[in-house]
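Asker: Pasting a predicted model and its sequence here:
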Amino acid sequence: MPDLAAPLVAWYRQNARVLPWRHPEFGAWGILVSEFMLQQTPVNRVIPHLEAWLDRWPTPVALAAAPPAEAVRQWANLGYPRRALWLHRAAVEIAERHGGVVPRDVDALLSLSGIGDYTARAVAVFAYGDRHPVVDTNTRRVLARAVDGRSQPGPPSRRDLAAMEAELPESDLDAAIVNAAAMELGAVVCTARAPRCDACPLANGCAWRAAGYPDTGDDRRRQARYEGSDRQARGAVLKVLRDASAVGIKIEDLLPDWPDRHQRDRAITSLADDGLVELVGAAARLPDA
């Protein structure tokens with residue numbers, strides 16, 4: 001099997017995008033916040049929100065001292081607002097368990113709210129320079145094509161970590177670059193729908209290219225349409241509550257003109273179940289504690 005590390009490192013050093021979290025002084029807290037925000041959200045939408053968030057809460061302790069409602073408000077329209085609550089809870093846990101310092105150990109990171117295999121390893125690698133495999137959707141696609149000769153990756157699996165581990169060089173620094181480079185390559189060159197194989201540093205050793213670009217199927221889970229969905233109703237409810245006072249708003253006055261009243265009620269109930277909304281008597285508000 002051809003070596004992927006050397007061409008990835010060389011390509012990344014010449015072609016990596018300049019992004020805030022790649023600055024060597026960005027810090028573990030900034031990287032943790034960026035990883036929460038980047039989940040299922042494009043880079044160009046994240047950057048202004050990230051900068052505003054870190055201006056307001058430059059440390060985990062600063063965020064932990066704020067009410068959860070403020071985290072949900074600050075999250076604004078980034079989508080998947082449970083991430084705001086998880087990030088707030090993680091900040092509280094960091095303040096209480098780790099003296100306000102984002103932990104370095106992967107297991108300690110995994111014990112924090114909202115943090116899974118990818119985020120824990122991303123922080124350990126990109127903030128602290130440790131050697132771990134970091135695997136996101138883009139990485140999985142690069143490995144599927146270059147190594148396995150498949151047009152798209154299969155469902156996420158623990159095997160993905162082992163596959164990436166096999167590609168990492170021994171040097172901690174180079175291993176971190178290979179992790180970042182695989183993600184970057186998948187994001188800007190080896191894309192899901194229109195890969196630019198002519199610009200790919202792995203083209204000469206790519207198993208998918210060598211096989212003639214076969215269509216091996218695509219069993220990725222499809223995201224449901226947003227228009228008319230419960231997600232849209234949830235987002236509309238939260239927008240109203242973000243703009244409301246701390247007292248909240250009467251439930252009967254919350255989106256009274258929503259075309260599907262049952263969907264609106266379902267959205268309010270599900271938000272309350274997720275801890276994103278508090279129901280106090282006949283009113284709804286953002287969480288206070």
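Answerer: Sure thing, it's come through. Numbering: from 1, shown residues only.

Asker: can you pull out the helices in this structure?
Answerer: 5-15, 28-38, 43-56, 60-64, 68-75, 82-97, 106-110, 117-126, 137-146, 159-165, 172-188, 207-210, 230-243, 261-273 (DSSP state H).

Asker: May I see the buried residues of the third one?
Answerer: Read it as helix 43-56. For helix 43-56, a neighbour-count test (16 or more other CB atoms under 10 Å) marks 46-47, 49-50, 53-54 as buried. The C-beta positions use only the backbone N, C-alpha and C, and glycine is treated the same way.

Asker: Keeping just the C-alphas, turn that helix into CSV.
Answerer: Only the C-alpha atoms of helix 43-56 are listed here, as CSV (Å, rounded to 0.1, in the frame of the first residue of the first chain):
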residue,chain,number,x,y,z
VAL,A,43,-16.5,26.8,8.2
ASN,A,44,-17.6,30.2,6.8
ARG,A,45,-20.7,30.3,9.1
VAL,A,46,-18.7,29.2,12.2
ILE,A,47,-15.8,31.8,12.1
PRO,A,48,-17.8,34.9,13.1
HIS,A,49,-19.8,33.0,15.8
LEU,A,50,-16.6,31.6,17.1
GLU,A,51,-14.9,35.0,17.4
ALA,A,52,-17.9,36.5,19.1
TRP,A,53,-18.2,33.6,21.5
LEU,A,54,-14.5,33.7,22.5
ASP,A,55,-14.7,37.5,22.9
ARG,A,56,-17.5,37.1,25.4
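
Asker: how much does it deviate in direction from helix 68-75?
Answerer: 140 degrees (axes from the mean of the first three to the mean of the last three CA atoms, to 10 degrees).

Asker: got the contact list for the closest residue to residue 174 other than its chain neighbours?
Answerer: Leaving out its chain neighbours, the residue that sits closest to residue 174 by CB to CB, 6 or more residues apart in numbering is residue 9, at 5.8 Å. Counting by CB atoms under 8 Å, 6 or more residues apart in numbering, residue 9 touches 169, 174, 177-178, 181.

Asker: Contact partners for residue 131?
Answerer: 125, 168, 172, 175-176.

Asker: mind running it again at 7 Å?
Answerer: 168, 172, 175 (CB atoms under 7 Å, 6 or more residues apart in numbering).

Asker: would you turn those into CSV with pLDDT and distance to residue 268?
Answerer: Converted to CSV, the contacts of residue 131 look like this (pLDDT from 0 to 100; distance: CB to CB, whole Å):
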residue, pLDDT, distance to residue 268
168, 97, 47
172, 96, 48
175, 97, 47
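
Asker: The closest residue to residue 224 other than its chain neighbours: neighbouring residues, count only.
Answerer: Distances taken as CB to CB, 6+ apart place residue 231 nearest to residue 224, at 7.4 Å, with adjacent residues excluded. Counted with other CB atoms under 10 Å, residues neighbouring residue 231 total 17.

Asker: residue closest to the middle of the chain?
Answerer: residue 39 (1.9 Å; CA atoms, centre = their mean).

Asker: how close does that residue get to residue 79?
Answerer: 9 Å (CB to CB, to the nearest Å).

Asker: cool, and residue 134?
Answerer: From residue 134 to residue 79 the distance is 23 Å (CB to CB).

Asker: Provide a list of residue ranges in the stretch 101-250 of the chain with pLDDT below threshold.
Answerer: 220-223 (pLDDT under 70).

Asker: rewinding a little: so can I have JSON lines of the helices of the chain showing distance to residue 201?
Answerer: JSON lines is the format used below for those (distance: least, CB to CB, whole Å):
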{"stretch": "helix 5-15", "distance to residue 201": "4"}
{"stretch": "helix 28-38", "distance to residue 201": "23"}
{"stretch": "helix 43-56", "distance to residue 201": "21"}
{"stretch": "helix 60-64", "distance to residue 201": "37"}
{"stretch": "helix 68-75", "distance to residue 201": "36"}
{"stretch": "helix 82-97", "distance to residue 201": "33"}
{"stretch": "helix 106-110", "distance to residue 201": "29"}
{"stretch": "helix 117-126", "distance to residue 201": "21"}
{"stretch": "helix 137-146", "distance to residue 201": "10"}
{"stretch": "helix 159-165", "distance to residue 201": "17"}
{"stretch": "helix 172-188", "distance to residue 201": "7"}
{"stretch": "helix 207-210", "distance to residue 201": "12"}
{"stretch": "helix 230-243", "distance to residue 201": "38"}
{"stretch": "helix 261-273", "distance to residue 201": "45"}
